[in-house]
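A.B. asks: Sequence and predicted structure, then a few things I'm wondering about:
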Amino acid sequence: METLKTRKWAGVFACLAGAILLVTAHTSAAQEVRVGGVSISIPTRPKTPKPDKPADKTQPASTNGGGVKAESGEAKAQPPRTQPRAQSAPSLDIILEEIDKRKKEVESYNASRRGQLVTPSTPELFLPAISRRAREKYYGQEKVNEARRSALDPALDSLATAAAKKLPLYKPDPSVFAFRNPPAEQLMVRSRANGATLKVHQSGIKEAGWIIEKNDFGIPIDRYKHGFIWARDAGDDHPYCHLYTVYVLQNYEGGGTYGQTFAKPFDDEIVGCP
């Protein structure tokens, strides 16, 4: 009996000794277990942290502004390259083609048919052909460089030569001066910014009666007539005249009545002089 007890306690002490060895081997958070009816705190083995994966020394080429390959590790930041902005100037070939079209129109003009001398274009190319001042203004607005200027000048000069032959024949149709109204004609001249420098050859109004303009509900807005001024501007640097179109108007005031007459400039066409 005594021998059994001795063996029992020997087993208990053996277990205790094993537990103590575990305690001394690991120092971390513990969990409780029962050994031979006695609760023993056994530390939980912490997980060994895995070493960080070494950086790959071979990095893909960086796109930081020009395909510079990055060094191993952190990529070096490169400022983005700014691409030069392309000019939005129209093609020189297109402009030269337009000038040639205007020239052919002028050359084919027949005064007996009373047609239009030249078709308006965008940009306007006829006036820069006959006026050096207008040409320089056009070059400035379009930022024309010397290379383009050297190509445009001969083409515009050629158009000016054609105009010199036909423009003197291109004169207003007498029907646009059919009706006279001296007070309205004076208003027409004063409405022009260059009225003080105009030498008027002829002026008049095309219609005898008023043309009434109405809104979508049929209510009058104003009434008007087409006025015309054939004149030479002393401030021009070319020898030709102008045919100015000016609206003569009266605003509707309600109750079938209209306000005072006034003039509003509308169009300006280069024509021959008397």
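C.D. replies: Now that the structure is in, tell me what you want to look at.

A.B. asks: So for the helix or strand containing Pro265, what gets flagged as buried?
C.D. replies: Using DSSP states H and E, the element containing Pro265 is strand 262-271. Applying a neighbour-count criterion of 16 or more other Cβ atoms under 10 Å, one finds 262-263, 265, 269-271 buried in strand 262-271. Every residue, glycine included, has its C-beta placed from N, CA and C.

A.B. asks: Specify which member of those residues is nearest to Asn145.
C.D. replies: Ile270 (27.8 Å; Cβ to Cβ).

A.B. asks: Do a quick rundown of the helices in the stretch 151-274 of the chain.
C.D. replies: Ranges of helices in the stretch 151-274 of the chain, per DSSP state H, counting those that start in this stretch, are 182-191.

A.B. asks: Dump the strand holding Pro265 to CSV, keeping only the CA atoms.
C.D. replies: Output of strand 262-271 as CSV, limited to C-alpha atoms (Å, rounded to 0.1, in the frame of the first residue of the first chain):
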residue,chain,number,x,y,z
PHE,A,262,-33.4,105.6,-85.9
ALA,A,263,-30.7,103.9,-88.1
LYS,A,264,-28.7,100.7,-87.5
PRO,A,265,-25.7,99.7,-89.6
PHE,A,266,-25.8,96.2,-91.1
ASP,A,267,-23.5,95.5,-94.0
ASP,A,268,-20.4,96.9,-95.9
GLU,A,269,-19.5,95.8,-99.4
ILE,A,270,-16.5,97.0,-101.5
VAL,A,271,-17.7,98.3,-104.8
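
A.B. asks: Who does it pair with, and is each partner parallel or antiparallel?
C.D. replies: strand 241-254 (antiparallel) (DSSP bridges).

A.B. asks: Just the mean pLDDT for the strand it pairs with, thanks.
C.D. replies: Summarised as a single mean, pLDDT over strand 241-254 is 98.
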